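J.: using only what follows, build the 3D model:
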Amino acid sequence: MYPPEIQSSMVQYPSQDGTQINASLSRPAAAGHYPGVVVIMEAFGLNDHIKDVARRFAAQGYIAVAPDMYTREGAPDPSNMDSVIQTMLSVPDTQAVADLDGAIVHIKRMPDSNGKVGAIGFCSGGRYTLILGCKSTNLDAAVDSAGGFILQEQHTPQRPVSPIEMIPTLSCPLLGLFGEEDPNPSPAHAARMQEELAKHGKTYEFRMYRNAGHAFFADYRPSYRAAAAQDMWHRVLVFYDQYLKA
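T.: Predicted structure coming up:
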């Protein structure tokens, strides 16, 4: 249940190439100046859970936009993992960054925007959050929740560079949230990421949760871990208070 002062609807905004990207928008109804959050979906697509996360941010005083990263490709069958993975891997990183950067610009142009926008991504969306923070100069804070494939064994035309190699150009503070039982990213990969952030003098915070694995924040999946998810939500709000509301 959400208070009546929150408004939610499906909208479209232009990507850098002019494509109209479908998105779920949630925001406080009252006039004011609010920070923004781009909520980046998991591999399964723009589902009810991701829309709900956007509503949670709106309840905390944010303009939240959750883009449909499969606007061009069409949503895969969430019950068919082969279809999900095939669709996920077909999206070029350059396209994803352009679409997400378009969401940032869209929020910042809103009359009720305070001019600051963060991003948060889950699983494949966490990977996109890291890339976005390294490729866009419009982002003010990034939250990576269990972003996988930060170190790629193979590179493809769609994914030509491992995200960890982009860290030298990270332009905003980063909050990384991971589980010890996650195989992708593994604790070793998360530690390597932390080393790179420190090496290049980036502003970051890290939290590695015990008794938690991949997608521990997804309360509609068996992977959900309430204690880790609740602590994560608190840390995200404190992080955004510092960099988006201050």
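J.: isn't S9 right up against N22?
T.: No - between S9 and N22 there is no contact under CB atoms under 8 Å: 11.4 Å. Using the backbone N, CA and C atoms, a C-beta is placed for each residue, glycine as well.
J.: the two: who's more crowded?
T.: With neighbours defined as other CB atoms under 10 Å, S9 and N22 compare such that N22 has more, 16 against 9.
J.: and what about the more buried one, helix, strand or coil?
T.: strand (DSSP: H, G, I helix; E, B strand; the rest coil).
J.: could you report the pLDDT at it?
T.: You'll see N22 listed with a pLDDT of 98.
J.: could you check how far the residue nearest to it when sequence neighbours are not counted is from I50?
T.: Closest residue to N22 apart from its sequence neighbours, by CB to CB, 6 or more residues apart in numbering: D68 at 4.1 Å. For D68, the distance to I50 equals 9 Å [CB to CB, to the nearest Å].
J.: okay, and the common contacts of these two?
T.: Shared contacts of D68 and I50 (CB atoms under 8 Å, 6 or more residues apart in numbering): S24, M41.
J.: did I read that right, Q16 in a helix?
T.: No - using three-state DSSP, the assignment for Q16 is coil, not a helix.
J.: ok, it - contacts?
T.: A98, D99, D101, G102.
J.: try M41
T.: Shown in contact with M41 (CB under 8 Å, 6+ apart): N47, I50, A66, P67, D68, M69, G121, F122, S124, G125.
J.: which ones among the residues you listed are found in strands?
T.: Of these, the ones assigned to strands by DSSP state E are A66, P67, G121, F122.
J.: how much space is there between the closest residue to A98 other than its chain neighbours and K116?
T.: Leaving aside its sequence neighbours, A98 sits nearest to Q16 (CB to CB, 6+ apart; 4.0 Å). Relative to K116, Q16 is positioned 21 Å away (CB to CB).
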